[in-house]
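Asker: 3D, please:
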Amino acid sequence: MTPGPGARPVDRDRVLVVEDSPEDTEAIERALRQTHPGLRTEFTDRGDGLADLLLEREEVPGLIFLDLNLPGVGGHAVLSALRARPELRDVTVVVFAASTAPGEVDACYAAGADSYIYKPVNFALFRTVLKGAVDYWQQQTRGGADPGPDADGR
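Answerer: Sure, this is the predicted structure:
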């Protein structure tokens with residue numbers, strides 16, 4: 001996929017995980033290593049200045065998994081900052097959160113999230129949900145056929 005005018009080149013095989021919970025970080029890393037061993041993953045536990053940090057790079061990750069409950073600047077503000085930058089418009093942002101409140105989900109979509117996924121407690125389901133999200137968004141951004149709705153059914 002060729003980036004639009006002003007957009008940063010996107011590395012579709014790189015995922016950035018914005019997560020402050022060490023337990024969730026470890027589970028995400030383990031799950032992605034099992035399901036997508038060739039995927040390059042990066043982790044950060046803070047969202048402060050994330051959009052600016054990404055803009056300093058020559059190439060940005062194709063997918064960001066974003067937790068909402070972060071220290072300092074919360075996930076909603078991070079999402080808004082990412083979507084406010086046209087140079088980052090080709091980056092897929094998946095909110096990966098503990099809340100299933102409809103208002104929370106709607107607010108994230110309104111702010112520009114590409115998907116909203118609930119974090120399951122069971123590791124096997126956790127891994128399956130992450131695999132489905134990565135597979136879906138990689139296929140979408142590479143121009144593949146539509147495999148169906150994302151993990152929350154939208």
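Asker: Name the nearest residue to residue 142, ignoring sequence neighbours.
Answerer: residue 12 (6.6 Å; CB to CB, 6 or more residues apart in numbering). C-beta here means a position set from N, CA and C on the backbone, and glycine is covered the same way.
Asker: secondary structure class for residue 72?
Answerer: Here residue 72 is coil, with the state taken from DSSP: H, G, I helix; E, B strand; the rest coil.
Asker: Thought residue 49 was touching it, still the case?
Answerer: No: assessed by CB atoms under 8 Å, residue 72 is found out of contact with residue 49, at 9.5 Å.
Asker: Tell me who's in contact with residue 27.
Answerer: 123, 126 (CB atoms under 8 Å, 6 or more residues apart in numbering).
Asker: For it, give me the pLDDT.
Answerer: Here the pLDDT value assigned to residue 27 is 94.
Asker: Which strand or helix spans it?
Answerer: helix 22-35 (DSSP states H and E).
Asker: Figure out how far that helix is from the centre of its chain.
Answerer: Offset of helix 22-35 from its chain centre (CA atoms, centre = their mean, to the nearest Å): 14 Å.
Asker: Contacts for the next helix-or-strand element following it next, please.
Answerer: Per DSSP H and E, the first helix or strand lying C-terminal to helix 22-35 is strand 40-44. Strand 40-44 is contacted by residues 11, 13-19, 25, 28-29, 32-33, 50, 61 when judged by CB under 8 Å, 6+ apart.
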